[in-house]
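> got a predicted structure here, sequence first:
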Amino acid sequence: MARSGSAKDRRAEVTAPALGFTGMLRWAWTQLTSMRTALMLLLLLAVAAAPGSIFPQRVQDAFAVSTFIEERPVLGPILDFFQMFDVYSSVWFSSIYLLLFISLIGCIIPRARKHYQQMTSPPPRTPRRLERLPEYGALELDD
């Protein structure tokens, strides 16, 4: 039976299933707790920490921050609005590391549970005829 239409037409006919609210939450949790997401969040956290070393921070030197804003009347208030002078206590930096901690906890707990189950289970049985295995070898030592 021959199919009619091109591959592009057949792809246009395919639709994704409706997940619903619960399905979307499950999908979001799966994405958040993947190791890839945790690594990306860790990289994002490292990049987000860079402005903390470039711009003066209020916690360390409030006078330097006020001087910076006064010397740059256009750029200073914009940077202050985006919390570049309070990087490590900013909303955006806190949300990145909060997401990272949730991701790591959600990623590690199931793996730790599985690892514990593997540690406490009895070892697998040894095969009866080891000589049948391709890795089998015997070594005789002289006394």
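In hand now; what should we look at?
> C-alpha only now, for contacts and for neighbours.
Fine.
> from residue 95, how far out is residue 26?
20 Å (C-alpha to C-alpha, to the nearest Å).
> secondary structure element for the one residue sitting closest to the centre of the chain?
Centroid-nearest residue in the chain, with C-alpha atoms, centre = their mean: residue 38, separated by 1.5 Å. Using DSSP states H and E, residue 38 maps to helix 35-48.
> buried sites along that helix?
37, 38, 41, 42, 45 (16 or more other C-alpha atoms under 10 Å).
> quick revisit: I figured the residue nearest to the centre of the chain was touching residue 31, is that so?
No: assessed by C-alpha atoms under 8 Å, residue 38 is found out of contact with residue 31, at 9.6 Å.
> ok, residue 85 - contacts?
Counting by C-alpha atoms under 8 Å, 6 or more residues apart in numbering, residue 85 touches 52, 55, 56, 57, 58, 65, 79.
> could you redo the last one with a cut-off of 6 Å?
By C-alpha atoms under 6 Å, 6 or more residues apart in numbering, the residues touching residue 85 are 56, 57, 58.
> filter those down to the buried ones.
Among those, the ones that count as buried (16+ other C-alpha under 10 Å) are 56, 57.
> grab the nearest non-local neighbour of residue 99.
Leaving out its chain neighbours, the residue that sits closest to residue 99 by C-alpha to C-alpha, 6 or more residues apart in numbering is residue 41, at 7.5 Å.
> distance of that neighbour from residue 100?
Distance from residue 41 to residue 100, by C-alpha to C-alpha: 6 Å.
> kindly report the same for residue 117.
26 Å.
> what about the two, which has more around it?
Neighbour count, other C-alpha atoms under 10 Å: between residue 117 and residue 100, residue 100 has more, with 22 against 11.
> what's the helix or strand for that one?
Residue 100 belongs to helix 91-120, assigned by DSSP H and E.
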